[in-house]
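Q: dropping a prediction and its sequence here:
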Amino acid sequence: MVTGATGGYGSNALKYLKEFKPDANIYALVRNEEKGKQLAEQGFNIRVADYNNLDSMVKALEGIDRLLFVSISIPNIQKNVVDAAKMNGIKYIAYTSLQGMEYSKFGLEINHRQTEELIKGSGIPYTFLRNNWYLEIIAPLLSVAAKTKEFPYYSREGKVAWALKREYAEAGARVIADGGFEPILELTGEPYNFKELGSAIADITGQSINIHETDRKTFVNIISKEDITELGLMLATSYQDYALKGNNGEDKANPSTFERVLGHPLTPLKEAIKELI
């Protein structure tokens, strides 16, 4: 079973699972029947449950022996998934955790650390997929730069390691399909600073991009006038704040484990950005 089946990660994981294990009985966990219709049409078995509701989770996990547990960022709720898995005798859990939890990661590390401990305490064999950041997070900023030929940034040389969401989903699918991986997998792309992202956009578009370092206030003033949502702007600033602050482990990120799990190299930065914009 794949939880969070209609999300970007979950839907991609299902696609890869179907490719890797075409004869397996693959289940998709959704929050309501309507959300599961399209997946049912694709041949997946649908179960309906909500992490908030233990009874619904217990019923949904009946007969499941391998679980790709796609995390959410709300603390404590994930305990219901672990409890339901234990009550149903699930034999293996692959859990989408967080890379570099010894550092401050927007507070997300607290929730993932708690859930990892719950899974360890359950006695169920596991693999923690310690995923780093999806490139999709800053896709709105990259798209603005491609359209306007302007790429202001204020994070100096601070780096963040990105990879595509579908690549993380492929890794999750390979792990849950195979089960022969170690208990902890640190999955991350190559680290890049924001200036390098701007240069990649220039190469992709074949156009001159005005890449210029500025301060946070000026950056916000410039980008907020462009076609970008409040969420897109918030993420663009949050991750630059994160990169600028440093002491986050990003500069040490190494994709070797990720590529070993995938069995092939990660998508190069330029190709990944091109795919998104």
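A: Received, thanks. Numbering: from 1, shown residues only.

Q: contacts for the helix or strand of the chain with the lowest mean pLDDT, please.
A: Lowest by mean pLDDT, DSSP states H and E among the helices and strands of the chain is helix 33-41, with a mean of 90. For helix 33-41, the surrounding residues in contact (C-beta atoms under 8 Å, 6 or more residues apart in numbering) are 5, 6, 11, 14, 28, 30, 46, 48. Any C-beta I mention is one placed from the backbone N, CA and C, and that applies to glycine too.

Q: stretch 248-261 too?
A: 99-100, 102-105, 132, 158-161, 163, 167, 171, 174-175, 181, 185-191, 242-243, 265-266.

Q: following the chain past the least confident helix or strand of the chain, name the next helix or strand.
A: strand 45-48 (DSSP states H and E).

Q: would you tell me what the next helix or strand after that following strand is?
A: For strand 45-48, the following helix or strand on the C-terminal side (DSSP H and E) is helix 54-60.

Q: returning to that earlier point: dump the least confident helix or strand of the chain to CSV, keeping only the CA atoms.
A: In CSV, the C-alpha atoms belonging to helix 33-41 read as follows (Å, rounded to 0.1, in the frame of the first residue of the first chain):
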residue,chain,number,x,y,z
GLU,A,33,-13.8,7.9,-2.6
GLU,A,34,-13.9,10.8,-5.0
LYS,A,35,-10.2,11.3,-4.7
GLY,A,36,-9.6,7.6,-5.5
LYS,A,37,-11.7,7.4,-8.7
GLN,A,38,-8.9,8.1,-11.1
LEU,A,39,-6.6,5.7,-9.4
ALA,A,40,-9.2,3.0,-9.4
GLU,A,41,-9.6,3.5,-13.1
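
Q: could you pull out the buried residues of stretch 212-228?
A: 219, 220, 222, 223, 226, 228 (16 or more other C-beta atoms under 10 Å).

Q: how far does it sit from the chain's center?
A: 26 Å (C-alpha atoms, centre = their mean, to the nearest Å).

Q: between the two ends of that stretch, what distance do you get?
A: From its first residue to its last, stretch 212-228 covers 19 Å (C-alpha to C-alpha, to the nearest Å).

Q: nice, that's everything, thank you.
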